[in-house]
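Enquirer: Predicted coordinates and the sequence they were generated for:
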Amino acid sequence: MVAPHTETLLDVRHVNVDYLAGSGAVHAVRDVSFQLKRGEIMGLAGESGSGKSTLAFAIARLLRPPAEIIGGQVLYYPDAARTGQFTSLMQKVKLKDASHQAKNATEIVPEDGINVFGLTPTQLRLFRWNELSVVFQSAMNALNPVMNIGKQIMDVLAAHQPEKSAKERHERAQDLLKMVGIAPDRLSSYPHELSGGMRQRVTIAIALALQPDLIIMDEPTTALDVVVQREILDLISSLCKETGTALIFITHDLSLLLELVDRVAVMYAGKLIEVAGRNAFYQHPRHPYSYGLMHSFPTLHGPRIKMIGIPGTPPDLRNVPAGCPFAQRCPMAFDACRKIVPELRTIVADIPEQVAACHLYDPTIIGSRNIPQPADLAKGFEVKPERSVVR
Ligand SMILES: Nc1ncnc2c1ncn2[C@@H]1O[C@H](COP(=O)(O)OP(=O)(O)OP(=O)(O)O)[C@@H](O)[C@H]1O
């Protein structure tokens, strides 16, 4: 196995995750594949329950029962410049683990990628802090209330970089606070002495502490007011650009996302239904669901657009209908949509990186008589609300 591209940091392949509930398995993530480049900022959008957090948790191996990874692979390609250090760390762990239970320890062959689902608990701990950090919505409330923030940052450094002196850790903690726009003398402050925005900045500082190559942020600003949200998001994107850190940013707020990311991935009912560069997506969302999403919020910038809604609700993930999961709500749906699951495919040859899973773009169907055409999307969504009243 060879890295799909030297620029690739993460290769998510056919990942499936179920929640094994008493009432039947919830198929929360269904055959999701995508690649992330080094330093790339990718936004994961989709309405509540579409599987965004489950996918993020799966990538970070943070899922707990009843969630179960049913299939797929996540391959991580460490930076060649850091590989030596990371590999030797991982190999040390393997030697140590060898006498214990680590029979399934992942072979660390960097050019083949690290198989994240195969990491032992100790390898995983190294991987999570050194290569990947995760920031959740609730992270700012997870700071230890009885420990000042300086100690919390320095504890992370002490645990993972024991070779550093106390003085070096203190200086690094000061630098990290400065990076996130907090005066270094606040190191001695306790979480309750900081505003929500400042607490979230501290969690970002902690996430950046070990200079990971990938950060996953799941709705990191939802609990904050709009002005602070914007400040934090500007901070996150500029820090990631500055440090070359890749970011997977999760939100159901597409307007925020579009201001922040290089690439957008839209999930619907556990599946990726469109992946596109930010501008291509902004100008031409191709999947009818993306089209509906884009027209269901006002933009601060850009031309005025007519607002529409997406009537109906997503399918029950215990019992996903045949065909396209959006077919029941889609104003463009035709026969094939209710029978055949559409694959992600390139829409326009000039923009190969924009892919959508929709039969409207199937070359064997395009042009058929009595089949709606992509150009009819706007019209389709305008008529849908009337038709959808009776369901
Ligand atoms: N512990 C659980 N047991 C059973 N089903 C679950 C559990 N946690 C999540 N689910 C289901 O898995 C699906 C995906 O949920 P997930 O939280 O990943 O979606 P999401 O897109 O992140 O939503 P949100 O934006 O609301 O966080 C949903 O249908 C949800 O009901």
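Expert: Looks like it came in fine.
Enquirer: For the most centrally placed residue in the chain, give me its contacts.
Expert: With distances taken as CA atoms, centre = their mean, the chain has I248 as the residue nearest its mean C-alpha position (3.8 Å). Residues in contact with I248 (CB atoms under 8 Å, 6 or more residues apart in numbering) are L36, M42, G43, L44, A56, I59, L214, I215, I216, M217. Yep, even glycine has a C-beta here, placed from its N, CA and C like the rest.
Enquirer: which residues in the protein form strands?
Expert: 8-21, 24-37, 41-45, 67-76, 114-115, 132-136, 214-218, 246-250, 263-268, 271-277, 345-346, 355-356 (DSSP state E).
Enquirer: As a markdown table, the ones you listed with mean pLDDT would be great.
Expert: Formatted as a markdown table, the strands of the chain follow (pLDDT from 0 to 100):
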| stretch | mean pLDDT |
| --- | --- |
| strand 8-21 | 95 |
| strand 24-37 | 96 |
| strand 41-45 | 95 |
| strand 67-76 | 95 |
| strand 114-115 | 89 |
| strand 132-136 | 89 |
| strand 214-218 | 93 |
| strand 246-250 | 94 |
| strand 263-268 | 96 |
| strand 271-277 | 97 |
| strand 345-346 | 94 |
| strand 355-356 | 97 |
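Enquirer: what about the closest residue to P191 other than its chain neighbours, how many neighbours?
Expert: Spatial nearest neighbour of P191, excluding adjacent residues (CB to CB, 6 or more residues apart in numbering): L143 at 4.3 Å. Number of residues near L143 (other CB atoms under 10 Å) recorded here: 19.
Enquirer: show me what contacts L194?
Expert: Per CB under 8 Å, 6+ apart, neighbours of L194: I149, R186, V202.
Enquirer: burial count for the second one?
Expert: R186 is flanked by 17 other residues according to other CB under 10 Å.
Enquirer: Closest to T222 out of the contacts of L194?
Expert: V202 (17.1 Å; CB to CB).
Enquirer: which ones are touching that closest one?
Expert: M140, L143, I149, Q152, I153, L177, V180, I182, P191, L194.
Enquirer: Show me what from this protein comes close to the ligand.
Expert: 19, 21, 26, 28, 46, 48-54, 66, 252, 317 (CB under 6 Å from any ligand atom).
Enquirer: if we go to 5 Å?
Expert: Y19, A21, V26, A28, S48, G49, S50, G51, K52, S53, T54, L317 (CB under 5 Å from any ligand atom).
Enquirer: want to throw those residues into TSV with neighbour count?
Expert: Shown next, in TSV, are those (neighbours: other CB atoms under 10 Å):
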residue	neighbour count
Y19	18
A21	10
V26	22
A28	24
S48	8
G49	18
S50	26
G51	24
K52	26
S53	21
T54	23
L317	21
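Enquirer: Can you name the two of those that sit furthest apart?
Expert: So, those by CB to CB: farthest apart are A21 and K52, at 18.9 Å.
Enquirer: how far away is I153 from A166?
Expert: Per CB to CB, to the nearest Å, I153 is found 13 Å from A166.
Enquirer: ok, these two, which is more surrounded?
Expert: Using other CB under 10 Å as the criterion, I153 and A166 rank with I153 on top: 23 against 10.
Enquirer: Isn't the more buried one up against A173?
Expert: Yes. Here I153 reaches A173: they are 4.2 Å apart, a contact under CB atoms under 8 Å.
Enquirer: Quickly list what's touching both of these two.
Expert: L187.
Enquirer: Pretty sure Q211 sits against T243.
Expert: Yes. Q211 is within contact range of T243, at 6.7 Å (criterion: CB under 8 Å).
Enquirer: any residues in contact with both of these two?
Expert: By CB under 8 Å, 6+ apart, no residue touches both Q211 and T243.
Enquirer: The residue nearest to the centre of the chain and A45: what is the separation?
Expert: 11 Å.
Enquirer: do M332 as well
Expert: 20 Å.
Enquirer: Among the two, which residue is more densely surrounded?
Expert: When neighbours are counted by other CB under 10 Å, M332 and A45 differ, and A45 comes out ahead with 26 against 23.
Enquirer: Count the neighbours of G277 for me.
Expert: G277: 15 neighbours (other CB under 10 Å).
Enquirer: Contacts only, for it.
Expert: So G277 contacts D262, R263, V264, I351, E353, Q354 (CB under 8 Å, 6+ apart).
Enquirer: farthest-separated two in those residues?
Expert: Applying CB to CB across the contacts of G277, the maximum distance is between D262 and I351, 14.1 Å.
Enquirer: Residue of the stretch 151-300 of the chain closest to the ligand, please.
Expert: H252 (5.0 Å; CB to the nearest ligand atom).
Enquirer: Surely that residue touches L44?
Expert: No. At 9.6 Å, H252 does not count as touching L44 under the criterion of CB under 8 Å.
Enquirer: which residues in the stretch 101-250 of the chain form helices?
Expert: Along the stretch 101-250 of the chain, the segments classed as helices by DSSP state H, counting those that start in this stretch run 121-130, 149-160, 166-179, 196-208, 226-243.
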